[in-house]
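Asks: Need a 3D model of the sequence below.
(one chain, ligands or ions: 3)
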Amino acid sequence: MHLTTVVPVTLAALASAKPCPDEKVKGLDYYAKKAGLQYFGSATDTPGQRERAGLDAAYAQYDKIMWGGEFGSTTPTNGQKWLFTEPQQGVFNFTEGDYTANNAKKHGLSLRCHALVWHNQLGEYVNQVQWTPETLRAQIVSHIENVAGHYKGQCNHWDVVNEALEEDGTYRKSVFYNVLGEEYIKLAFKTAARVDPKAKLYYNDYSIEWPSKKTEGAARIVKMLRDEGIKIDGVGLQGHLTAEGGVTLDQHIAAIKSFTDLDLEVAVTELDIRLQEPATTTNLAQQKEKYKNIVGACVQVKGCVGITIWDFYDPFSWVPYFFPGEGAAGLWFANFTTHPAYDGIVEALTNKTAPVGKGKGKGKGPGKRSLWA
Ligand SMILES: *[C@@H]1O[C@H](CO)[C@@H](O)[C@H](O)[C@H]1NC(C)=O
Ligand SMILES: *[C@@H]1O[C@H](CO)[C@@H](O)[C@H](O)[C@H]1NC(C)=O
Ligand SMILES: *[C@@H]1O[C@H](CO)[C@@H](O)[C@H](O)[C@H]1NC(C)=O
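Replies: Residues are numbered from 1 along each chain as shown. Ligands and ions are numbered 1, 2, ... in the order given. All right, here's what the predicted structure looks like:
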């Protein structure tokens, strides 16, 4: 058989001629994909948004981690929100959002888009105009047509409606709800489905990472949309958690399963786990355990498709600005060494425990680069 003599020579020649094309950074995205998830991502922002941290010198090192293969997906932390995309009525601006979208494209990451209809970070006029149901409907449709239209074809997921619920599971009394009732949720999903039919459409919220009235409320929204034949593909569990908090692995599994049992996919969309400053051996160990729990739950429930952390670098995190006295919520300290939680996540991603649940979302979505190939 002459092939046996020819093939080894050819392979050897190829090996010495060029580096292995499959060489991958063995980072969080690598381990997530090996565990059957579609991606492990990090939110990021424009340097303009990060300047408040006054850390210009860190940008090069930050960008190397952000775009260098550690992550397979990204989300603009702020840039696609209403405040930036339609700061004045009918005036659209995509500079901030495009920064993250263009870098995702350039570096082969998939893009989770965030967020079309949310009560917070709105253009000021949204809370000032005396809307009638008719004018507010037109405003919502125009906003979604312009923003989702601009990003059409680029978004793996869209968070269509964000944080529509109070902690007790009733609707939040936002300007949208006060004028339109739950109709605004249907209108937003219907419009997004028409404008970007290929994006997976998500309802996104916090405090739905464990079973609660609010978690039931999110399931109610899903059923309401489904009953009317309106497309919804997934529920996003934000995952802004605390190291000291008591949520267990089993509680995360139960909450995720409550959604995948509805034949939905689930993503952990804004994960960060803050602690009371200063960071100590004790609270960093607690933080590691909590990161392991939620990542482990996502790995173990079929239909949980991916995880996004809400920036990986502590100095660029929103936490110290929003929760005074708390911080160190990410995975990289200011000096670019990693938290013990980083190793905890790798442990959770390499845990061989068999998946539970009947979801079917896993492993079927866009892998790294496939969106842009
Ligand atoms: C659009 O947004 C960018 C970034 O925030 C800003 O620098 C620019 O001035 C805005 N453009 C207009 C026309 O307002
Ligand atoms: C980096 O910062 C962390 C947190 O402040 C600290 O615990 C660690 O010792 C530092 N490592 C180096 C190499 O400076
Ligand atoms: C793996 O998962 C199982 C089941 O959830 C859990 O009990 C165990 O502690 C995990 N092991 C590691 C090393 O994380």
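Asks: Ligand 1 versus Gly48, what's the distance?
Replies: With distances taken as CB to the nearest ligand atom, to the nearest Å, Gly48 is found 6 Å from ligand 1. For glycine as for every other residue, the C-beta is placed from the backbone atoms N, C-alpha and C.
Asks: Check the residue lying closest to Cys113 once chain neighbours are set aside and give its pLDDT.
Replies: Using CB to CB, 6 or more residues apart in numbering and skipping the chain neighbours, the partner closest in space to Cys113 is Cys155 (3.8 Å). Predicted confidence (pLDDT) for Cys155: 98.
Asks: tell me the contacts of Cys155?
Replies: Contacts for Cys155 (CB atoms under 8 Å, 6 or more residues apart in numbering) come out as Leu111, Arg112, Cys113, Ala148, Asp196, Ala199.
Asks: So which of those belong to helices?
Replies: Ala148 (DSSP state H).
Asks: Filtering the contacts of Cys155 by proximity to ligand 2, which remain?
Replies: Checking the contacts of Cys155 against ligand 2 by CB under 6 Å from any ligand atom, not one of them is in range.
Asks: Next SSE downstream of whichever helix or strand Ala255 is part of?
Replies: Element membership for Ala255, per DSSP states H and E: helix 249-260. Later in the chain than helix 249-260, the nearest helix or strand by DSSP H and E is strand 265-276.
Asks: partners of that following strand, with directions?
Replies: Strand 265-276 pairs in its sheet with strand 234-237 (parallel), strand 240-242 (parallel), strand 304-309 (parallel), strand 326-327 (antiparallel), by DSSP bridges.
Asks: Comparing these, which comes out most buried?
Replies: strand 304-309 (a mean of 28; mean count of other CB atoms under 10 Å).
Asks: Convert it to PDB, retaining C-alpha atoms only.
Replies: Listed next in PDB are the C-alpha coordinates belonging to strand 304-309 (Å, rounded to 0.1, in the frame of the first residue of the first chain):
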ATOM      1  CA  CYS A 304     -29.200  26.400  28.500                       C
ATOM      2  CA  VAL A 305     -27.100  27.600  25.500                       C
ATOM      3  CA  GLY A 306     -24.500  30.100  26.800                       C
ATOM      4  CA  ILE A 307     -23.200  32.500  29.400                       C
ATOM      5  CA  THR A 308     -22.200  36.100  29.200                       C
ATOM      6  CA  ILE A 309     -20.400  37.900  32.000                       C
END
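Asks: so that strand versus helix 249-260, what angle?
Replies: 120 degrees (axes from the mean of the first three to the mean of the last three CA atoms, to 10 degrees).
Asks: and the closest residue to ligand 1 within the stretch 201-350 of the chain, how many neighbours does it have?
Replies: As assessed by CB to the nearest ligand atom, ligand 1 sits closest to Phe316 within the stretch 201-350 of the chain, at 16.9 Å. Using other CB atoms under 10 Å, Phe316 has 23 neighbouring residues.
Asks: In this structure it contacts Ala43, no?
Replies: No. Using CB atoms under 8 Å, Phe316 is not in contact with Ala43, being 9.5 Å away.
Asks: who's in contact with Gln139?
Replies: Here Gln139 is in contact with Gln89, Val126, Val129, Trp131 (CB under 8 Å, 6+ apart).
Asks: Not counting its neighbours along the chain, what's nearest the most centrally placed residue in the chain?
Replies: By CA atoms, centre = their mean, the chain has its centre lying nearest to Thr269, at 2.9 Å. Closest residue to Thr269 apart from its sequence neighbours, by CB to CB, 6+ apart: Gly236 at 3.7 Å.
Asks: what do you get for Gly306?
Replies: Once flanking residues are discounted, Gly306 sits nearest to Tyr39: 4.3 Å by CB to CB, 6+ apart.
Asks: roughly how far apart are that neighbour and Cys298?
Replies: Per CB to CB, to the nearest Å, Tyr39 is found 11 Å from Cys298.
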